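Student: got a predicted structure here, sequence first:
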Amino acid sequence: MGFYGTEVCEKARLGSIDQDTATYIYGRRTSMSQAIEGIDPTVPPSGTVCVECEAAQGWWLHLRRCAQCGHVGCCDTSPEQHASRHFADTGHPIIQSFEPGEDWFWDFRTKEMFSEGPNLAPPQHHPQTQTVPGPHERVPLDWQRHTH
């Protein structure tokens, strides 16, 4: 299982750690076909911020984009985990990272990461000037204590 050990690998399998970490734990990425249920490449993202965090004047760590409807939500490491909640509420199974330099997809049903897939409608990520975590003015000084 690599140097992370069995406990961390089990957390990854159960989806209780960030998908980025799970990629490196499993040490592999899988390719996704372009024609797959749960992906609509014509739908643009809902914005460049977590929709629910913005409405509540909250903050997020990383952003994820629903590949079916374009909803942008915060990652599982963020305090509110809105991308996962969106899947639970809608059943939309696939997200793509909405971070600059990342293009992986995640399937909530299978808990599998895919290193490639169809090009989704632009933009592909939030603005590079947007802080992580963000937005800067709402992130508490002890933000690390609030992440999962």
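Tutor: Structure's in. What do you need?

Student: identify the bridge partners of the residue nearest the centre of the chain.
Tutor: With distances taken as C-alpha atoms, centre = their mean, the chain has residue 64 as the residue nearest its mean C-alpha position (3.3 Å). Using DSSP bridges, the beta-bridge partners of residue 64 come out as residue 73, residue 97.

Student: tell me where this structure has strands.
Tutor: Remark: strands assigned in the chain by DSSP state E are 30-31, 63-66, 72-74, 94-97, 105-107, 112-116.

Student: JSON lines for these, including mean pLDDT?
Tutor: Supplementary listing: these in JSON lines, determined by pLDDT from 0 to 100:
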{"stretch": "strand 30-31", "mean pLDDT": "50"}
{"stretch": "strand 63-66", "mean pLDDT": "98"}
{"stretch": "strand 72-74", "mean pLDDT": "98"}
{"stretch": "strand 94-97", "mean pLDDT": "98"}
{"stretch": "strand 105-107", "mean pLDDT": "97"}
{"stretch": "strand 112-116", "mean pLDDT": "93"}
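
Student: can you lay out the ones you listed as a markdown table showing distance to residue 126?
Tutor: (Glycine included, C-beta is placed from N, CA and C.) As requested, the strands of the chain are arranged in a markdown table below (distance: least, C-beta to C-beta, whole Å):
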| stretch | distance to residue 126 |
| --- | --- |
| strand 30-31 | 25 |
| strand 63-66 | 6 |
| strand 72-74 | 8 |
| strand 94-97 | 10 |
| strand 105-107 | 17 |
| strand 112-116 | 20 |
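
Student: in contact with residue 72: list those residues for me.
Tutor: Residue 72 makes contact with 45-51, 63-66, 98, 126 under the criterion C-beta atoms under 8 Å, 6 or more residues apart in numbering.

Student: for the buried ones among those residues, write the corresponding ChimeraX selection.
Tutor: Only the buried entries of the contacts of residue 72 go into this ChimeraX selection, using 16 or more other C-beta atoms under 10 Å:
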select :45,47,49,50,51,63,64,65,66,98,126
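
Student: which member of the contacts of residue 72 is positioned nearest residue 83?
Tutor: Among the contacts of residue 72, residue 64 lies closest to residue 83 (C-beta to C-beta), at 3.8 Å.
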